[in-house]
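Participant: sequence? don't have it. structure:
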């Protein structure tokens, strides 16, 4: 009695723990899992930080076209020198100091520099920086699409593994019932011991398959927890049914056009191609003159622009107009132009290659999805046939006109047909997800 109470208390505690785990499990739809995975992705955060840096570079390029004002200050200590003086005839020959001994030199200046014409180089560099930032934004969208596909794959892996566990649970229930029936027949002397042994062997095999399926389900859950940013020991459930996806709704040609318009990788290449044109313009502008305005206001002691030199604070200002035209740079501008042209050619060829591969990928993924959908129809028929065959064989076995091997083979055939149907639907779901990725959806 005491042992029974202990066992009952243990079972209650176990059931309570299972119920608590079920209550605290995180239930996610596939769209919710994708949203959580995007928010938790360190890779996307890294790409976003890179894009933010590129946007700051655009502001830096834009600021280079505007006036720059700086405040300067300095102190210089010089050695003592002999003062230089000349007699002033108007003052009765009294000496006037023209250059005095001032070892402590203090200088402050407000300086203004404004490039008013650069041949279009700064503007071209600003636009090139902006296209680079836009291209990084498209790169982030492409990485997000890859992550979305990976999360969807992980979700369907969890759903598929759960469906396989349920199929094997049902098969194990059937084989347990068959084994119990075989043991009763053996006690009644209706069947030889080999029937029971064969049933037990089939039961052990299905138990092994069930253990493997549960392990695969837990592995799939661990992968999904990693992708959505959940702790390693968190319970997670995917709220999705393993059902066939819809068939492709457009012809291959239309899908290719849709993919070209939607794929972020292609938009990134187009943006970088435009940026390469801007870099060509910047390289071409290096051969043109630059014009800048410079101005300043000095407050110094002594002020070197005020004569005679005295140890007094004096003010002065200047305004300049400067032209810089590089007549010979040893081929630097020519090399920059050649580099810009080569970079543009590289991006252009990459875009042509992407279009060629894209058309092939779209057609291939569409055919893969159509094949998977056709396989589901065949798998449904196989499940119906296997279920009917098992029913007939079970009735014949109960009537004593079918052998135990026939009954075990029928049950094994039904289990295999159900597992094949599960895998076929899962393959179709993955094919649909890959097609969506190729199309940029």
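Facilitator: Looks like it came in fine. Every value quoted in this text rests on a predicted model; they were computed, and no experiment measured them.
Participant: which residues sit in contact with the most centrally placed residue in the chain?
Facilitator: The centroid of the chain falls nearest to residue 143 when counting by Cα atoms, centre = their mean (2.9 Å). Applying Cβ atoms under 8 Å, 6 or more residues apart in numbering, we find residue 143 in contact with 43-44, 47. Just so you know, the C-beta spots here come from the backbone N, C-alpha and C atoms, and that holds for glycine as well.
Participant: Then residue 242?
Facilitator: By Cβ under 8 Å, 6+ apart, the residues touching residue 242 are 156, 159-160, 163, 422, 425-426, 429.
Participant: Any chance of those residues in a markdown table with secondary structure and pLDDT as columns?
Facilitator: Shown next, in a markdown table, are the contacts of residue 242 (DSSP: H, G, I helix; E, B strand; the rest coil; pLDDT from 0 to 100):
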| residue | secondary structure | pLDDT |
| --- | --- | --- |
| 156 | helix | 91 |
| 159 | helix | 91 |
| 160 | helix | 91 |
| 163 | helix | 90 |
| 422 | helix | 91 |
| 425 | helix | 92 |
| 426 | helix | 92 |
| 429 | helix | 91 |
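Participant: Pull out the buried residues from those residues.
Facilitator: Burial by neighbour count, judged by 16 or more other Cβ atoms under 10 Å, picks out 156, 159-160, 163, 422, 425-426, 429 from those.
Participant: Quick check: of those residues, which lies closest to residue 198?
Facilitator: residue 422 (26.0 Å; Cβ to Cβ).
Participant: Tell me who's in contact with the closest one.
Facilitator: By Cβ under 8 Å, 6+ apart, the residues touching residue 422 are 160, 163-164, 167, 242.
Participant: separation between it and residue 331?
Facilitator: Distance, residue 422 to residue 331, by Cβ to Cβ, to the nearest Å: 68 Å.
Participant: One more: residue 277?
Facilitator: Residue 277 is 22 Å from residue 331, by Cβ to Cβ.
Participant: got it, and residue 105?
Facilitator: Distance, residue 105 to residue 331, using Cβ to Cβ: 44 Å.
Participant: Check residue 85 too.
Facilitator: Residue 85 is 56 Å from residue 331, by Cβ to Cβ.
Participant: which one of the two has more residues nearby?
Facilitator: residue 85 (14 against 9; other Cβ atoms under 10 Å).
Participant: quick one: strands adjacent to the one helix or strand that one maps to?
Facilitator: Residue 85 belongs to strand 84-88 when assigned by DSSP states H and E. Strand partners for strand 84-88, identified by DSSP bridges, are recorded as strand 94-99 (antiparallel).
Participant: which residues sit in contact with residue 48?
Facilitator: Neighbour list for residue 48: residue 140 [criterion: Cβ under 8 Å, 6+ apart].
Participant: Three-state assignment for residue 316, please.
Facilitator: Three-state call for residue 316 (DSSP: H, G, I helix; E, B strand; the rest coil): strand.
Participant: What helices and strands are in contact with the one helix or strand residue 31 maps to?
Facilitator: Residue 31 is part of helix 30-40, with elements assigned from DSSP H and E. Here helix 30-40 touches helix 121-187, helix 193-228, going by 3 or more Cβ pairs under 8 Å, 6 or more residues apart in numbering; DSSP states H and E.
Participant: Those helices: which one's closest to residue 398?
Facilitator: helix 121-187 (8.2 Å).
Participant: now that closest one and helix 30-40, what's the angle there?
Facilitator: Taking axes from the mean of the first three to the mean of the last three Cα atoms, to 10 degrees, one finds helix 121-187 and helix 30-40 inclined to each other by 130 degrees.
Participant: just how off-centre is helix 121-187 within its chain?
Facilitator: 16 Å (Cα atoms, centre = their mean, to the nearest Å).
Participant: Could you measure from the residue lying closest to residue 400 once chain neighbours are set aside over to residue 175?
Facilitator: Distance criterion Cβ to Cβ, 6 or more residues apart in numbering; nearest residue to residue 400, sequence neighbours excluded, is residue 190 at 7.5 Å. As judged by Cβ to Cβ, residue 190 and residue 175 stand 19 Å apart.
Participant: out of these two, which sits in the busier spot?
Facilitator: Relative neighbour count places residue 175 above the other of residue 190 and residue 175, with 24 against 11, counting by other Cβ under 10 Å.
Participant: okay, now the spatially closest residue to that one that is not a sequence neighbour: neighbour count?
Facilitator: Leaving aside its sequence neighbours, residue 175 sits nearest to residue 203 (Cβ to Cβ, 6+ apart; 4.9 Å). By other Cβ under 10 Å, the residues close to residue 203 number 17.
Participant: try residue 384
Facilitator: Residues contacting residue 384 under the criterion other Cβ under 10 Å number 11.
Participant: from memory residue 200 sits against residue 180, does it?
Facilitator: No - the criterion here is Cβ atoms under 8 Å, and residue 200 misses it with residue 180 at 11.2 Å.
Participant: who's more crowded, these two?
Facilitator: Taking neighbours as other Cβ under 10 Å, residue 200 and residue 180 compare with residue 200 leading, 14 against 11.
Participant: quick one: that one from residue 390, how far?
Facilitator: From residue 200 to residue 390 the distance is 19 Å (Cβ to Cβ).
Participant: Could you do residue 266 as well?
Facilitator: Separation of residue 266 from residue 390 (Cβ to Cβ) stands at 52 Å.
Participant: Could you do residue 101 as well?
Facilitator: Counting by Cβ to Cβ - residue 101 and residue 390 are separated by 116 Å.
Participant: who has more neighbours, these two?
Facilitator: More neighbours surround residue 390 than the other of residue 101 and residue 390, with 20 against 14 (other Cβ under 10 Å).
Participant: Wait, a helix at that one?
Facilitator: Yes - judged by three-state DSSP, residue 390 forms part of a helix.
Participant: domain parsing for the chain?
Facilitator: When the chain is parsed with automatic domain parsing, its domains come out as 26-81+120-289+332-439, 292-324.
Participant: got these as TSV, with distance to residue 89 columns?
Facilitator: TSV is the format used below for the domains of the chain (distance: least, Cβ to Cβ, whole Å):
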stretch	distance to residue 89
domain 26-81+120-289+332-439	25
domain 292-324	16
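Participant: Single out the most deeply packed of the ones you listed.
Facilitator: The highest mean neighbour count among the domains of the chain, using mean count of other Cβ atoms under 10 Å, belongs to domain 26-81+120-289+332-439: a mean of 17.
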